[in-house]
Structures are given as structure tokens and as C-alpha cells.
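>>> Generate coordinates for the sequence data below:
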Amino acid sequence: MATSVYFSGAVKSEQDLYEDLVTESIKVFGQDVVYLPREELGDDTLLNESWNQFTQAFPVEMYLNDPEGFSGDGNLLGKFGLEIRDAADFVVTKRRWNSAVGAAAHGLTNFVKPREGDLIYMIMTGILFEIKFVEPKLPFYQLADLPTFTMFTEKFEYNDQHFDTGWDEIDQIEWKNATSYSYIVDGAVAYTAGEKVTQWTGVNDGDGDPINVEGYVSGWEGSGVNRVTIISPHQSTNGDGTFKTFFVDADANQKLVGTESGTAQNITTDQSGTVKTFYNEDPFADNDEFEIAGDSVIDFTESNPFGDP
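The predicted structure follows:
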């Protein structure tokens, strides 16, 4: 039996009405979220991963598919401590996503749909989710139309990504979780918290432009200490993508330069991992204790732990 000719899916006006109703439903029953597109800085060839940063943020409304809460495995107590494996499925209309995100984003090519690896920040809960898969065909051809994107996400696990979105509650994720590196410099001129600092690697690219190590200042301790704490070190985009930290006792041309303060000083001592400062102190961290205890248990001078050949 043929389907009704009065509700033919091929009628554009019916499809537009359908999408308008879905959009209105999401505005009524949805959640305010912030969409964060990722920007690749380079590739980690060892782990086959990319280093990403997030500098753009776009508010948009989305519908949470499960009204009873987050899906996933929930909270698990494993051998490495508490693991929170929340997941969520978000729905947004294609028209709304294109107007609020796709058309507003800059510097991104082929950005025509949500991408795996992008992030969704749920404002009400303060939780960041990472998109694992995007399904463009749910529901399946209602009125011969596909008006929505369905994004399957999992709770985001921070791994030294850089955040500079302009949303304080999002950018604080980096300041609270990034690996910090502490250096003593040869001057007492202060760096500005939050500013980018650069140091020339001593190498230029094919165009003659300097390749730098870059990072962000999370703290400065003066009063004779002259210690700067830096998070998220990485090469500039014209580098080869390999991980590099800042150079100690470098050439005079390799000063640590603050892009906002203009401060330029040489690094004299690397105190990363050896000194707990106000900026990287975690009262629950036991890494120093494990390191000290491990030195007394494991014999690192043994060249062949399996015996003589």
C-alpha cells in the first residue's frame, strides 16, 4: 500500500516545518552547551595521537537524549582509583549547528559538521564531553529528511591540551590539571600570569622563521626566588611537532620571552618535579613519596636484570 500523498516526504515545506518543530523542541527541552572545535598543533608519532588546543567556543542549545541522566559505566573504583565513565548523547539540528558553530568558526577547513575529538561543555553540570562519533542519520529519513546531528560523547580526560576560549570556567581546566614546569631565571622582572612565553630552539624553518618552544605562565614567584611556573609546553606550529621543553643554560639568544610583559630572561635551573610550589602543589599527590621510596627499592645501576648472558 502506498504512503499518504498528503504527507509526502519530498515536499520541501513539510521538511522545513519538521525541522522547525525539532529546533523549537530543543530550545524548550534542551540544554545550553558550549561547542569547542579542536585545532591540531602537531602529531605524537609515538602514541599516534595529535596535540590539540581549543581557542574558540560557541554557545548553542542541544538536546540530551537520555532524560534520566548520563549513560556509560558510571563511577567505578578500579586499581588506579575512582574512574568516572559518564557518557551522553547530544542532538542538535543541522541548521542550528551551521548558524551557531559552522559559519562562526574561523581558521578551520571543511568544518561542515561536528567532528570526532571536538568538545562539548555542559554549562549546567560543568562537565566537558569529548565527541567519539557523529551520526547524521538519526532519526532515519523522517519525511525523507535528515535534519539533526546526534553526537555520542564520553567524559573528557585532560591530557595537557591548551585552552584559551575566553570562558573562565572552561580555561580553568588547563590551569588546574596541566603538567607544570618550574624554572629559575637569571632576572627578577616578573612575568604575567596567563601570558604566552617563547624560547627559540636555535633552529629556523625553511622560510627562515624561528622555531620556538611555547608555553603559558601559571605563576611567578619573585622576592629573590625568581621562579616561573609554565604549563603546556609545545613547539610553535612551524616546528616538526615533536615534544620539547625549555632549554636551561641556553645561548644568550634563547631567552624566555613573555609576549605580553616583554620580559626576557635566561633559564638557569630546571626545578620541574623537584620543588612543590604554590602553583603546582596538590595535597593528595604522592608522586614525590613514591619517587623517593622507589629509589630505595629498585636498583637502577643493574645493566642486565635477567642475569649474565
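>>> Now do the contacts for residue 155.
Neighbour list for residue 155: 72, 84, 85, 86, 87, 127, 128, 129, 130 [criterion: CB atoms under 8 Å, 6 or more residues apart in numbering]. The C-beta positions use only the backbone N, C-alpha and C, and glycine is treated the same way.
>>> now, among those residues, which is nearest to residue 231?
Nearest to residue 231 among those is residue 128, at 17.3 Å by CB to CB.
>>> Once you drop chain neighbours, what's closest to that closest one?
Among residues not flanking residue 128 along the chain, residue 156 sits closest, at 4.1 Å (CB to CB, 6 or more residues apart in numbering).
>>> any idea how far residue 249 is from that neighbour?
Between residue 156 and residue 249 the computed distance is 38 Å (CB to CB, to the nearest Å).
>>> What of residue 95?
Residue 95 sits at a distance of 58 Å from residue 249 (criterion: CB to CB).
>>> got it, and residue 69?
Taken as CB to CB, the span from residue 69 to residue 249 is 54 Å.
>>> now swap in residue 177 and tell me
Here residue 177 is placed at a distance of 30 Å from residue 249 (CB to CB).
>>> Settle it for me: which of these two has more neighbours?
The neighbour comparison of residue 177 against residue 249 (other CB atoms under 10 Å) goes to residue 177, with 15 against 11.
>>> Leaving out sequence neighbours, find the closest residue to the more buried one.
Using CB to CB, 6+ apart and skipping the chain neighbours, the partner closest in space to residue 177 is residue 158 (4.4 Å).
>>> now the strands for the stretch 1-150 of the chain?
For the stretch 1-150 of the chain, strands defined by DSSP state E, counting those that start in this stretch occupy the ranges 31-36, 39-44, 49-54, 58-64, 71-78, 81-93, 119-122, 127-135, 148-155.
>>> so what does the third one touch, helix or strand wise?
Contact partners of strand 49-54 among helices and strands, from 3 or more CB pairs under 8 Å, 6 or more residues apart in numbering; DSSP states H and E: strand 39-44, strand 162-163.
>>> end to end, how far does stretch 175-194 reach?
In stretch 175-194, first residue to last residue: 9 Å (CA to CA, to the nearest Å).
>>> So residue 172 belongs to a helix, correct?
Yes - according to DSSP: H, G, I helix; E, B strand; the rest coil, the state of residue 172 is that of a helix.
>>> Tell me where the longest helix sits in the chain.
The residue-count maximum for a helix in the chain (DSSP state H) belongs to helix 12-29.
>>> and it, what other elements does it pack with?
Under the contact criterion of 3+ CB pairs under 8 Å, 6+ apart, helix 12-29 touches strand 58-64, strand 81-93, helix 94-97.
>>> so it versus strand 58-64, what angle?
Interaxial angle, helix 12-29 versus strand 58-64 (axes from the mean of the first three to the mean of the last three CA atoms, to 10 degrees): 90 degrees.
>>> Just the buried residues of helix 12-29, please?
Neighbour-count burial for helix 12-29, counted by 16 or more other CB atoms under 10 Å, picks out 14, 15, 18, 19, 22, 23, 26.
>>> Export it to CSV, keeping only CA atoms.
What follows is helix 12-29, C-alpha atoms only, in CSV (Å, rounded to 0.1, in the frame of the first residue of the first chain):
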residue,chain,number,x,y,z
LYS,A,12,10.3,21.0,1.0
SER,A,13,7.8,22.9,3.0
GLU,A,14,6.9,19.8,5.1
GLN,A,15,10.6,19.2,5.7
ASP,A,16,11.2,22.8,6.8
LEU,A,17,8.2,22.6,9.1
TYR,A,18,9.6,19.3,10.6
GLU,A,19,13.0,20.9,11.2
ASP,A,20,11.4,24.0,12.7
LEU,A,21,9.5,21.8,15.2
VAL,A,22,12.6,19.9,16.1
THR,A,23,14.5,23.1,16.6
GLU,A,24,11.7,24.6,18.8
SER,A,25,11.6,21.4,20.9
ILE,A,26,15.3,21.5,21.6
LYS,A,27,15.0,25.2,22.6
VAL,A,28,12.3,24.2,25.1
PHE,A,29,13.6,20.9,26.4
